[in-house]
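Novice: Test case, fold it:
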Amino acid sequence: MNSRNNRQSGRNPRATSKTNKRRNRIILILSILLLSYIISVAVTIRTTLNVQALGQRTEIQEKNLTDRLNENYPERTSISLSPNPFAADFEEISLMAKSAIMIDTETGDIIYEKNADVQIPPASMTKIVEMYVVFDAIERGQASLDDVVPLPPESWEINIPWDASRMHLAEGQKVTLRELLLGLAICSGNDASVAVAHYISGDMDSFVAKMNSTVESMGLTKTKFVESSGYSEENLTTAREFAVFARQYINRFPQALEEFHSQLQIKYPEPRNVPDSDDNFQSYIQPNTNKLLETIPGCDGLKTGYIDESGYNISVTAKRNGTRFLSVTMNGPGSNMIEGNRYRVSDNTKLFDFAFENFTDYRAPEGENAHEYTVGIFGGKEKAVKLVPALKEVFTVPMTVNRNDENPEPSSISTRVEVPKYLYGKVECGKQYGTISYMLNGSVYKSIPLVADRSVESGNPLSMLIGKTCAIAVNLFQKN
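Specialist: Here you go, the predicted structure:
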């Protein structure tokens, strides 16, 4: 009877049992796969959100990051100056010079200026531009400081104007390029200037073309030269543009300060410089024309200048506690050299007292405490990247209230960091994924993008799927 009923119902017990077993097996497999997927998602979330900090970048990674940042953020390599927002909070400084500017050489912040765009002959400050061209040639392997320089007749002191400063070059002398640069930096020798120009470029016109090309490449449109020593009133610049140039000069060739501009005197010629047959030569000991080297603490440069048409000019730099300021004062008064120097010293003492008493540089911590943040990646071929500041973390900030402190500190600086909990899929080196804000006494002073320090490609389809699920899960959890 039962068999007949089974046949009538059309169901085969054996077939039904096999179907049930197959279905149960599929359910089990799917359950295992689902459980494995859930476990993978959970593990991925845990490891990604708690990823260990990455180590140092390789040289290739560092170069790639630098190249990408310079491309994306042109202000990284800009040499332009900008007003410091706190400079206006201070009382005006009374200077005798008709044109002046004071800047922080590292940040390019202007903390004081007065008629800084008036064109004035730079006079012998021009020699800094000459030295820049020479150091550039040395860097390119086109010259060496130890080269012995032939002295053309135009460079002999008997052939230069009677009222021009001189190193006392003469026919038959043996002098190195290093000695000539000392003559430029210390006693402002116009004879040395001519000798250097001829040695580097063959003639004055060709050398001046290099000088003009140099300042043009820096975007200095109000600066031009017709000769290298600064004797001509047709050489022109402004306090602002010369500050831009001088900042670039000491940042690119910092060794020039210690080796040349900070030297207090020069003695020339020495016995080694004159022919053996000359027993009657006279050595001249000349002091550095920059009198501030001995009056302003930390002063190690830079260059004076004077012709009747320019008045008394000077570019000065000093460094204390890691902060370096640079001043340019032009068209200063004075009926003679003694009076002109007195006004130059007075003006620049005021400027540097003001700068160091009221401003300093804030520098972000380095090493283990650097502002670099490791962020995990869902669905990427690598587990994490670092987010790093796109710009240099050095700012000119006001000093603390206690200005008489022997070890002054910058005003209270804190940071506010905004970084994502994770990144997903492809990550591009140099692209912004976060922000770091620098708080000065509770207010935002500056904000800098945080960018990926390397590129990471998307993972395989399964990795991307797991990553997307992880992202959705994390976002849902955050909302709840």
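Novice: where does the chain have its least confident helix or strand?
Specialist: helix 2-9 (a mean of 50; mean pLDDT, DSSP states H and E).
Novice: Buried residues of the helix or strand just after it, list them for me.
Specialist: Downstream of helix 2-9, the first helix or strand assigned by DSSP states H and E is helix 13-49. Neighbour counts over helix 13-49 (16 or more other Cβ atoms under 10 Å) mark 40-41, 44-45, 48 as buried. C-beta coordinates here come from the backbone N, C-alpha and C atoms, glycine included.
Novice: Stretch 133-147 too?
Specialist: Quick answer for stretch 133-147 (16+ other Cβ under 10 Å): 133-138, 143.
Novice: re the thing from before, would you mind listing the two of the buried residues of helix 13-49 that lie farthest apart?
Specialist: S40 and T48 (11.7 Å; Cβ to Cβ).
Novice: all helices in this protein, in order from the N-terminus.
Specialist: 2-9, 13-49, 59-72, 126-139, 177-185, 190-201, 204-217, 239-252, 255-256, 337-358, 461-479 (DSSP state H).
Novice: Settle this for me: G301 is touching S262, isn't it.
Specialist: Yes: assessed by Cβ atoms under 8 Å, G301 is found in contact with S262 at 6.1 Å.
Novice: how about the helices of the chain, which one is nearest A452?
Specialist: By Cβ to Cβ (comparing all of the helices of the chain), the closest turns out to be helix 59-72, at 8.6 Å.
Novice: CA atoms only for the closest one - export them in CSV, please.
Specialist: Extracted C-alpha coordinates of helix 59-72, given in CSV (Å, rounded to 0.1, in the frame of the first residue of the first chain):
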residue,chain,number,x,y,z
GLU,A,59,65.9,57.0,-0.9
ILE,A,60,63.8,56.4,-4.0
GLN,A,61,60.6,56.9,-2.0
GLU,A,62,62.0,60.1,-0.6
LYS,A,63,63.0,61.4,-4.0
ASN,A,64,59.6,60.6,-5.5
LEU,A,65,57.8,62.3,-2.7
THR,A,66,60.0,65.4,-3.0
ASP,A,67,59.5,65.6,-6.7
ARG,A,68,55.7,65.2,-6.4
LEU,A,69,55.5,67.8,-3.7
ASN,A,70,57.6,70.3,-5.6
GLU,A,71,55.2,69.8,-8.5
ASN,A,72,52.0,70.0,-6.6
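Novice: one step back: okay, G301 and S262: which has more neighbours?
Specialist: G301 (26 against 18; other Cβ atoms under 10 Å).
Novice: tell me the contacts of the more buried one?
Specialist: Each residue near G301 by Cβ atoms under 8 Å, 6 or more residues apart in numbering is listed here: 250, 256-257, 261-262, 290, 293, 315-317.
Novice: Look up the residues forming beta bridges with it.
Specialist: T317 (DSSP bridges).
Novice: circling back: so which of the helices of the chain is nearest D279?
Specialist: So among those, helix 177-185 is nearest, using Cβ to Cβ, at 21.2 Å.
Novice: helices or strands up against the closest one?
Specialist: Using 3 or more Cβ pairs under 8 Å, 6 or more residues apart in numbering; DSSP states H and E, the elements in contact with helix 177-185 are helix 126-139, helix 190-201, strand 265-268.
Novice: Can you tell me what sits against the first one?
Specialist: In other words, helix 126-139. Under Cβ under 8 Å, 6+ apart, the answer for helix 126-139 is 143-145, 177, 181, 184-185, 188, 193, 196-197, 200, 207, 210-211, 214-215, 225, 228-230, 235, 245-246, 248-249, 252-253, 256, 260, 302-303, 305, 315.
Novice: Can you tell me which of those residues are buried?
Specialist: 143, 177, 181, 184-185, 188, 193, 196-197, 200, 207, 210-211, 214-215, 225, 228-230, 235, 245-246, 248-249, 253, 256, 260, 302-303, 305, 315.
Novice: mind listing what the residue most central in space within the chain touches?
Specialist: Nearest residue to the geometric centre of the chain (Cα atoms, centre = their mean): E106, 6.0 Å. Neighbour list for E106: 251, 323-324, 361, 394 [criterion: Cβ under 8 Å, 6+ apart].
Novice: same deal with A243?
Specialist: Counting by Cβ under 8 Å, 6+ apart, A243 makes contact with 81, 101, 103, 116, 315, 326-328.
Novice: just these now: which is nearest A87?
Specialist: For the contacts of A243, the nearest to A87 is I103 (10.4 Å; Cβ to Cβ).
Novice: Next, the contact list for that closest one, please.
Specialist: 81, 109-111, 243, 247, 325-327.
Novice: try 10 Å
Specialist: I103 is in contact with 81-82, 84, 109-113, 240, 243-244, 246-247, 317, 324-328, 355, 396, counting by Cβ atoms under 10 Å, 6 or more residues apart in numbering.
Novice: And these, which of them are buried?
Specialist: 81, 84, 109-113, 240, 243-244, 246-247, 317, 324-328, 355, 396.
Novice: still on that earlier bit, tell me which of the helices and strands packed on helix 177-185 sits nearest to K383.
Specialist: That would be helix 126-139 among the helices and strands packed on helix 177-185, by Cβ to Cβ, at 41.9 Å.
Novice: I'd like the distance between the nearest residue to N273 once chain neighbours are set aside and S414.
Specialist: Closest residue in space to N273, ignoring its immediate chain neighbours: Q173 at 5.0 Å, by Cβ to Cβ, 6 or more residues apart in numbering. In this view, Q173 and S414 are 61 Å apart by Cβ to Cβ, to the nearest Å.
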